[in-house]
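Chemist: coords please:
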Amino acid sequence: MPRARRDVNMEIAGQLYDLALNHSSPHGRIAYKRAAQAVLRLEEPLDVWAATHSLREVPYIGPASERVILESLEHGTSPTVERAVTASGKAAEVQAAHAHRTNFLSRAEALRLLRSRSRAVRLEDYRGDLQMHTEWSDGGESIARMAGSARERLYDFIGVSDHSYGLRIARGMSMKDARRQRAEIETLNRSWNGAFRVFQGIEANIPAEGGVDMTPEEIATFDLVLAAPHSKLRRAEDQTARMLATVRHPGVHILAHPRGRMYSRQGVLARWDEVFEEAARRGVAIELDGDPYRQDLDYALAKRALAAGCLFALDSDAHSGAELAYAEYAIAHARRAGIPASRVINTWPAAKLLDWARRKSRRRSRS
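Modeler: Here you go, the predicted structure:
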């Protein structure tokens, strides 16, 4: 397993976010957030970058952000940030924000993990992405354009997983539109004559009681069914029963971004070891969502899912072709967790993946 080390960029970005949280003006809050995001996107650790470059060359790094970064590089923390937090009276709020940021990776650290020596799943093992969104729901590009971007990345297949009709805020797709989308996918697949394949998936919403908010007849029309939480994501209550009901649903193939966490929220609280054990028994794959602001599951929980015997899906959650690169974060988390390629469904040939999905569907029809 790759050796753990400090993620300098993530630590410093966190301090810049602390300043954003405490700043008195909207302009200052925006400026520090932009500086933090620029640090997270940087492809080299800041200590390495600063040895040969001016910090001002990084977009959105101004004099105040530069001072925080230099203090952090020298002392491991920033006295400027500490004074600002103390003066603001928001120390408890800052500590809560720190808890939400646990086990995120900066771009520089993700790239280091991808290059590291490990027997875990590699970028070269990856054959296709199974969560992405197109203009059929809240994505910005057509299926053909997403497929073209995937082929440029040398993928063998993709799974398009637009939102279901239950998530109106994300322009969820009606079943009538789903039938039209199926026809479009079949036309595209015929044009590639086996050289590349698009699977029709759906990202179904997990209701409060668990399961999915679609009928068995509706989900039976899709190649892959991803179930994801989009509500009750800031609640302090335990939601183990909700997540157990979802992995027990016979139509679900993948539990997608299981916590529903983001950099600014905790996500679902549950007894995850119980959920992982049930998912392993039911043959449900656990997703590592690579969206940089989700990174869900993270490597620590993924390691526990691995011990439970789970399969995994490593996906980008892309809403444009450029965002397919987000899968690299998911692969980095998988490498940090020590997940072998054999347990990752994205590394399987398209025929094996489809056979796995259909066998699970046949079990569903008999239940």
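
Chemist: Give me the contact list for stretch 143-160.
Modeler: When contacts are taken as CB atoms under 8 Å, 6 or more residues apart in numbering, the neighbours of stretch 143-160 outside the stretch itself are 126-134, 136, 139, 141, 181, 184-185, 188, 196-201, 223-224, 318, 320-322, 324, 349-350, 353. In this view, the C-beta of every residue, glycine as well, is placed from N, C-alpha and C.

Chemist: what sits against the most centrally placed residue in the chain?
Modeler: A centroid search over the chain (CA atoms, centre = their mean) returns Asp289, at 2.1 Å, as the residue closest to the centre. Contacts for Asp289 were tallied using CB under 8 Å, 6+ apart; they are 131, 256-257, 295-297, 315-317, 330.

Chemist: Save those residues as CSV, and put in pLDDT too.
Modeler: Formatted as CSV, the entries for the contacts of Asp289 read as follows, by pLDDT from 0 to 100:
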residue, pLDDT
Gln131, 98
Ala256, 98
His257, 98
Gln295, 98
Asp296, 96
Leu297, 96
Asp315, 98
Ser316, 98
Asp317, 98
Ala330, 98
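
Chemist: now, the most widely separated pair of those residues?
Modeler: When CB to CB is used, the two most widely separated members of those are Leu297 and Ser316, lying 14.6 Å apart.

Chemist: returning to that earlier point: name whatever forms a beta bridge with the residue nearest to the centre of the chain.
Modeler: Asp296, Asp315 (DSSP bridges).

Chemist: Quick check: the gap between it and Pro59.
Modeler: Shown here: Asp289 relative to Pro59, a distance of 26 Å by CB to CB, to the nearest Å.

Chemist: what's the answer for Met132, then?
Modeler: Met132 sits 27 Å away from Pro59, going by CB to CB.

Chemist: cool, Leu167 as well?
Modeler: For Leu167, the distance to Pro59 equals 33 Å [CB to CB].

Chemist: between the two, who's got more neighbours?
Modeler: In terms of neighbours (other CB atoms under 10 Å), Leu167 is the more surrounded of Leu167 and Pro59; the figures are 20 against 11.

Chemist: Contact partners for the more buried one?
Modeler: When the contact criterion is CB under 8 Å, 6+ apart, the partners of Leu167 are 203, 205, 230.

Chemist: which one of those is nearest Thr246?
Modeler: Within the contacts of Leu167, distances to Thr246 taken as CB to CB reach their minimum at Asn205, with 10.4 Å.

Chemist: Can you give me every residue that contacts the residue lying farthest from the centre of the chain?
Modeler: Here the chain reaches farthest from its C-alpha mean at Ala87, the gap being 35.3 Å by CA atoms, centre = their mean. With CB under 8 Å, 6+ apart as the criterion, the residues that contact Ala87 are Asn22.

Chemist: Let's verify it: helix, strand, or coil?
Modeler: helix (DSSP: H, G, I helix; E, B strand; the rest coil).

Chemist: Over to the one 10 residues further on?
Modeler: Under the three-state scheme (three-state DSSP), the conformation of Ala97 reads as helix.

Chemist: The chain should start at 413 in everything you say after this.
Modeler: Got it, the first residue is 413 from now on, which makes the last one we talked about Ala509.

Chemist: Go ahead and confirm it touches Leu431.
Modeler: No. Proximity of Ala509 to Leu431 does not meet the contact threshold set by CB atoms under 8 Å, at 11.6 Å.

Chemist: These two: which is more packed in?
Modeler: Set side by side, Ala509 and Leu431 show unequal neighbour counts under other CB under 10 Å, the larger going to Leu431 at 25 against 18.

Chemist: which phi and psi does the nearest residue to that one once chain neighbours are set aside have?
Modeler: Distances taken as CB to CB, 6 or more residues apart in numbering put Tyr444 closest to Leu431, at 4.5 Å, once the chain neighbours are dropped. When quoted as degrees, to the nearest 10, the phi and psi of Tyr444 stand at phi -70, psi -40.

Chemist: Enumerate every residue touching Tyr444.
Modeler: Neighbour list for Tyr444: 428-429, 431-432, 435, 476-477 [criterion: CB under 8 Å, 6+ apart].

Chemist: What is the nearest of the residues you listed to Ala648?
Modeler: Sorting the contacts of Tyr444 by how near they are to Ala648, with CB to CB, puts Tyr429 at the top with 22.2 Å.

Chemist: list the buried ones in the helix or strand in which the closest one is found?
Modeler: When elements are assigned from DSSP states H and E, Tyr429 belongs to helix 420-434. For helix 420-434, the neighbour count (16 or more other CB atoms under 10 Å) marks 420-434 as buried.

Chemist: Give me the neighbour count for Ser573.
Modeler: Summarising burial for Ser573: neighbours were counted as other CB under 10 Å, giving 30.

Chemist: Correct me if wrong: it contacts His545.
Modeler: Yes. Under the criterion of CB under 8 Å, Ser573 makes contact with His545 at 7.0 Å.
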